[in-house]
Each structure stands twice: as structure tokens, then as C-alpha cells.
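Asks: sequence and predicted structure, then a few things I'm wondering about:
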Amino acid sequence: MKVYQILYLGCFLLVANMSIAQNKTEKDIELQESKVDTVYTVEERANIQRWFYERVNDMQLKPEVRDDYDRIINKYVFDMSRLNDTDKNYTREEIHDKFDEMVDKMNTELKSILTTDQYVNHLENFGEIQRSVYRRWNFKN
């Protein structure tokens, strides 16, 4: 009798687990279907991230400022990376405008937590990334 109870419980847990996994997979598939190929390859993104990480380290931010800096950068870069999703239906010009708006908002937020020298350094560093995106998308300045 105990064997049947254990088998029943095991089957129930297996079915419940598969059901939860299937729901998550469906959501992931839906999100992935709206995602467009990124502007950079995985290797290029890794190189850009490494380069930017080193530049930010050179800024010698205090730990609490670094945490805020990273949080703000990550928030905006994530949003920027989703601009060309198919569910957005943005034109090339709209992507360009929204990208520039996000960069401006990000810079405004960062200006309030950085010293003048750090902010100038940030503008130079992120400016390199911005110019790279412009080249990839063939945006005009």
C-alpha cells in the first residue's frame, strides 16, 4: 500500500513540475518570439562589456556610488536592448529617437550621483558605445 502511495505522490509531483515548467517555457517562448536579433554578437557584447567595466573601474567610484551607477546603467541598457523587439513596432527613426531619449535620461540620472570629473569620464566612455550603436544602425548624428 505504501508503495502505491509513494508512486502516486511521485507521479503527482512529476506532473505538477512538468506543468509549471511548461508554463514558464511558454512565457519564455512568447518573450523570445518578440525579441529581434541583437545588434552585436555574443562575443562583441562580451568585449564591449569588458571594455566598459574596465573604464568604469578606472573612475574609482565609491562602492555605494558604483552600486547606483551599475543599477542605472543596467536599467537603461536593458531597455535600449529591447527597442527593436517586434512587439514594439517601432520604425528605424523611432528607435533612434527613443535610444537618444534613454541616453539623455540615463545621463541625467548619473549626473546627480557622480562628481564632475566622473561624469565627464562617463560621457566619454558611454559616448564610445553610443557611437558604436550609431554605426551599427547607421544612425546619423
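Replies: Perfect, thanks for sending it.
Asks: so where do the helices sit in this structure?
Replies: Per DSSP state H, the chain carries helices over the ranges 2-34, 42-58, 63-81, 92-111, 116-137.
Asks: can you redo the ones you listed as a markdown table with mean pLDDT and mean neighbour count?
Replies: (Glycine included, C-beta is placed from N, CA and C.) Conversion of those to a markdown table gives the following (pLDDT from 0 to 100; neighbours: other Cβ atoms under 10 Å):
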| stretch | mean pLDDT | mean neighbour count |
| --- | --- | --- |
| helix 2-34 | 52 | 10 |
| helix 42-58 | 93 | 12 |
| helix 63-81 | 95 | 14 |
| helix 92-111 | 96 | 15 |
| helix 116-137 | 94 | 14 |
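Asks: residue 56 against residue 126, yeah?
Replies: No - Residue 56 is not in contact with residue 126 according to Cβ atoms under 8 Å; the separation is 9.8 Å.
Asks: thinking residue 139 is in contact with residue 96, fair?
Replies: Yes - contact criterion Cβ under 8 Å: residue 139 and residue 96 qualify, at 4.9 Å.
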